[in-house]
Every structure is written in C-alpha cells, then in structure tokens.
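Asks: Build me a model from this:
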Amino acid sequence: MGVCAGYQRVLDSTGQYSGWQRIVNRRRQGFSVALSADGNTALVGSNGAGAWAFVRDSSGNWTQQGSNLIGSGASSVALSADGNTALVGDGEPGGGAVAVVLTRDSGGALA
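Replies: Down below sits the predicted model:
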C-alpha cells in the first residue's frame, strides 16, 4: 500500500496546489475511496474497520459526517454522482460477503 497508506489528501478542484488537508487518521483508512461528482462528498473505506463519509464546506474544509457508517470492513465503496447514495462492500475469498446501501436521511447524513 505504500508509505502513505491510511491517509487521504485532496487537491482542490482548480488543480492548483493550495496545500493538503488530511481528512482521516485511522489505520487502514483509504483502502477504498469515492468522490461525488461535485467533489463535495467523499466516502472512505477501510479494509477491516468500516467506512466514513466526509463533506466539504463552503470554505473548502473537509469534516467527518457522523461516525463509522457500517462498523466493520469496507474493502470497496461507491458513491452516487449527487453523493446521496453510498454502496459499501466487503468480503473474503471463499468466505461470506456483504454489501450495504446507505442513503441520506432527513438530517443530511448517510445512514
């Protein structure tokens, strides 16, 4: 996974370097990632530890939205273009597998 495994850094939409913001600090986070079409919602998966949603505010700062979405593995994640639907999957070769669909609730959080 490399030297920076477990860290996500986001480059602004203009493609200009304006500094990096580390949005997660947990071990193994970043095993899988997805970004909404407008670039304002990120879904970050961890092989063996779960999935987290992050949103970007009008100032361009990323914040975690709620807590761990599924509580266990998230070896693959996908996010709809509008960022309102997430799919989180995990499985073991020759073993069980799970796929969870999450949608935004009335408060705006993926649940």
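Asks: Any buried residues in stretch 86-93, and which?
Replies: Across stretch 86-93, burial judged by 16 or more other CB atoms under 10 Å covers Ala86, Leu87, Val88, Gly89, Asp90. All C-beta spots, glycine's among them, are computed from the backbone N, C-alpha and C.
Asks: nope, stretch 69-89 is what I meant
Replies: 69-70, 73-77, 79, 83, 86-89.
Asks: As TSV, those residues with pLDDT would be great.
Replies: TSV is the format used below for the buried residues of stretch 69-89 (pLDDT from 0 to 100):
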residue	pLDDT
Leu69	85
Ile70	82
Gly73	75
Ala74	79
Ser75	83
Ser76	89
Val77	92
Leu79	96
Gly83	94
Ala86	94
Leu87	94
Val88	91
Gly89	88
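Asks: which among those gets closest to Thr41?
Replies: Distance to Thr41 across these (CB to CB) is lowest for Gly83, with 3.2 Å.
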